[in-house]
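In: structure for the following, please:
(one chain, ligands or ions: 1)
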Amino acid sequence: MKVPVSLIIDDPAPIISVYYEHAGTAFTRDGRPLVPTYSNELLFRFCDIVEKRGIKGKYSVIPMPGNKGDIINGLEGVEKKDLDEWLNAVKTRLAPRFTIGPEMLTHHKAIDLETGKALSVNERDFAATQTRETLTPYIEKAVSLLNQAGFDAFGVTSPWDFGIEVEKDYQAAISEAVYNATGRKNSWLFLRGLRNTPNAKPWIGHKEDGRTLVCIPATTNDHIWQTIDTPETSEEYVQSVADEIITKDGKDGEAVRVLETGGYPILIAHWQSLMSNGLGTGLRILDEVARRINENLSDRVEWKSFKEIMEMVLANPENYQTPDLDPKDSGI
Ligand SMILES: [Zn+2]
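Out: Next comes the predicted model:
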C-alpha cells in the first residue's frame, strides 16, 4: 500500500499578504520592502503547477485577512473583480485537489464577535486565554464565512500556534463549531509539527457524541520560506532549495527521511514562501520538488488531500496512535 504525501499551504488570502500585515517589519531580511499584495497571476501559476504535477493537500483561505474586511462583503484595497477571480480560481482549480479551510478569522488582530471590531491582541495571544465556550463561536464564524463563500470547509488551521496552550478545549471547540456550522461529524485540525519523529502520522484528537476530530501534522519544515529574504532566483538556487526537501535522485532530503522512518511526508509551505516577495521563486522550487517526488517515489507514495487523509484515519483508527507531543511543537 502506498503512503500518502500531502502539501500544506498556510496563509493564503485574496490579493492581501497577511504576512505583510503581521510580520512586524516592512522589509525583507536583506532590506527590500515587503510587498503588501500578490497578483492573481501568481495564484494562477500555483494552480498550473498543482494541475501539472497532481499535487494534493490543504489550502487555507483566511476569511478576514489582516483585519481588512471579509471575503463576502469585500476587502479594503482589493477590487471586487480581483476578489471574485481569486475565489473562483480557488474553487474551480484548487478545491478539487486541496481541502480548503479557514486559518481562523484574520491571522492578525483577534475580532470582538459582538462588535466586529479588532481587539488589541493578535489571534495567537487571544486564543491562549480562551476556553471551549469562547473558542467555539470564534471558530464557527470562520468556518461559516468560508461556507458562505461557497467552500466546503470542515476543518481549520491554526494561525501561528493558535490554541496550543488550551489544546484540549480548542480541539473540542473545533469539533463542535464544525458541527454547528455544517452538520458534519468529522473534522480536521492542523496545529502541530512532528519533525525528526519516527513514524510521524496523523492521530485522533477528540471524540464526543459521535463526532471525531483528526489532527494532521506537518512532518517537514518550510524550506521555501528562505526565498522571501533573497533576490536570488537562479536555477542553481532553485535546485539547491529543492534538494533540502528531496534530492534529484530521490535518495535524500527531509521528505525522503520521513518516509524512511515509516512516517507520512506532509510537506508545508506558506503562501508568502511561494510568492517570494513577488518573485515567485518558491513556485519554481515547488514545481521541481513535486517533479522529483513523482519521478522517484511514485511507487511508494500517492498525493492525498487532507479530506482523504482524514478518511484514512477514520477508516482504521487503530493504526494511528496519539504521539507524545512536546508542548512547544507547533506546525509553524
Ligand atoms: Zn499561518
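
In: can you tell me the closest non-neighbouring residue to the residue in the stretch 151-300 of the chain that the ion sits nearest to?
Out: Across the stretch 151-300 of the chain, no residue is closer to the ion than Pro159, which sits at 4.8 Å (C-beta to the ion). Quick note: C-beta positions are derived from backbone N, CA and C, even for glycine. Nearest non-adjacent residue to Pro159, counting by C-beta to C-beta, 6 or more residues apart in numbering: His107, 4.2 Å away.

In: that neighbour contacts Ile62, doesn't it?
Out: Yes: His107 lies in contact with Ile62 (C-beta atoms under 8 Å); the separation is 5.1 Å.

In: mutual contacts of those two, please.
Out: 11, 13, 18, 159 (C-beta atoms under 8 Å, 6 or more residues apart in numbering).

In: returning to what we had before: state the pLDDT value of the residue nearest to Pro159.
Out: For His107, the pLDDT comes out at 98.

In: try Asn196
Out: 89.

In: burial of it, as a residue count?
Out: When counting by other C-beta atoms under 10 Å, one arrives at 13 neighbours for Asn196.

In: wait, a helix at Val143?
Out: Yes: counting by DSSP: H, G, I helix; E, B strand; the rest coil, Val143 is located in a helix.

In: contacting residues around it?
Out: Contact analysis of Val143 by C-beta under 8 Å, 6+ apart lists 101-102, 153-154, 156, 177-178, 181-182.

In: where does the nearest residue to it once chain neighbours are set aside land in three-state SS?
Out: Leaving aside its sequence neighbours, Val143 sits nearest to Ala181 (C-beta to C-beta, 6+ apart; 4.3 Å). When classified by three-state DSSP, Ala181 comes out as helix.

In: and Ala181, how close does it get to Val156?
Out: Applying C-beta to C-beta, to the nearest Å, the value for Ala181 to Val156 is 11 Å.

In: gap between the residue of the stretch 151-300 of the chain closest to the ion and Met312?
Out: From Pro159 to Met312 the distance is 26 Å (C-beta to C-beta).

In: tell me which of those two has more neighbours.
Out: A count of neighbours by other C-beta under 10 Å puts Pro159 above the other of Pro159 and Met312, at 27 against 18.

In: which positions in the stretch 51-200 of the chain make contact with the ion?
Out: Proximity of the stretch 51-200 of the chain to the ion (C-beta under 5 Å from the ion) is limited to residues Pro159.
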